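Trainee: My questions concern the predicted model and sequence given below.
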Amino acid sequence: MFDPKKLPVNLEQHLKTEVVNDAHPAELVSVARSDTIRSVLQRMREKKTGSVLVCTDGRLEGIFTERDVLQLLTNDVDLEATIETVMSREPITVLSTDTVGKAISKMSIGGYRRLPVVDDSGCAVSVLKVSGILRYLVEHFPDLVYTLPPEPHHRTKEREGA
């Protein structure tokens, strides 16, 4: 689980003060509850996105992700059914004014790769993705990110050398 107390002081401070909008949220792709699964899959392919937000009049009602697509593959699903039959309802969200640390914590605890970003009235404004968080970390702390070993907890099983 994400624990900001184990981070360098300057990183911890940034994560407590900088907001989600600083972490490069992606443009949202929204669909209506009445759209068919087939049309949503086509839209995801056209927009080259791994998720869509299901909205009515801008208000977030659900999310449909590439993980949901994998679930569909294991079931015999009618692609002409509406997206509301397979979407994840009432997804966990963040406000655009929430801290980056809070967003990372929610993603870590829930195992999410994407979080819808909403305004105070519950209208979807963007999507925070792991790639945006990673870009944020690289921009703010390149020495910390670029000096990590490829396998930080790697231990050689056998002695190397002669």
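Mentor: Received, thanks.
Trainee: For this structure, which residues score under the pLDDT cut-off?
Mentor: 1-11, 142-162 (pLDDT under 70).
Trainee: Quick one: the strands in it, in order.
Mentor: According to DSSP state E, the chain carries its strands in the segments 30-31, 51-56, 59-65, 88-89, 94-95, 114-118, 124-129.
Trainee: The nearest residue to K47 once chain neighbours are set aside: neighbour count?
Mentor: Nearest non-adjacent residue to K47, counting by Cβ to Cβ, 6 or more residues apart in numbering: V29, 4.9 Å away. Every C-beta, even on glycine, is put in place using the N, C-alpha and C of the backbone. Counted with other Cβ atoms under 10 Å, the neighbours of V29 add up to 18.
Trainee: quick one, what contacts V29?
Mentor: R43, M44, K47, T49, S51, V52, L53 (Cβ atoms under 8 Å, 6 or more residues apart in numbering).
Trainee: do you know how far it is from S39?
Mentor: Counting by Cβ to Cβ, to the nearest Å, the gap from V29 to S39 is 12 Å.
Trainee: Who is the residue most central in space within the chain paired with across the strands?
Mentor: Centroid-nearest residue in the chain: R114, 1.5 Å away (criterion: Cα atoms, centre = their mean). Beta bridges link R114 to K129 when assigned by DSSP bridges.
Trainee: Looking at the strands of the chain, which is nearest to L73?
Mentor: strand 59-65 (13.4 Å; Cβ to Cβ).
Trainee: So which other helices or strands are in contact with that closest one?
Mentor: With contacts defined as 3 or more Cβ pairs under 8 Å, 6 or more residues apart in numbering; DSSP states H and E, the packing partners of strand 59-65 are strand 51-56, strand 88-89, strand 114-118.
Trainee: Could you list the buried residues of that strand?
Mentor: L60, E61, G62, I63, F64, T65 (16 or more other Cβ atoms under 10 Å).
Trainee: Just the closest of the residues you listed to I83, please.
Mentor: Taking Cβ to Cβ as the measure, I83 sits nearest to F64 out of these, at 5.8 Å.
Trainee: Once you drop chain neighbours, what's closest to the closest one?
Mentor: M87 is the one closest to F64 (Cβ to Cβ, 6+ apart), at 4.7 Å.
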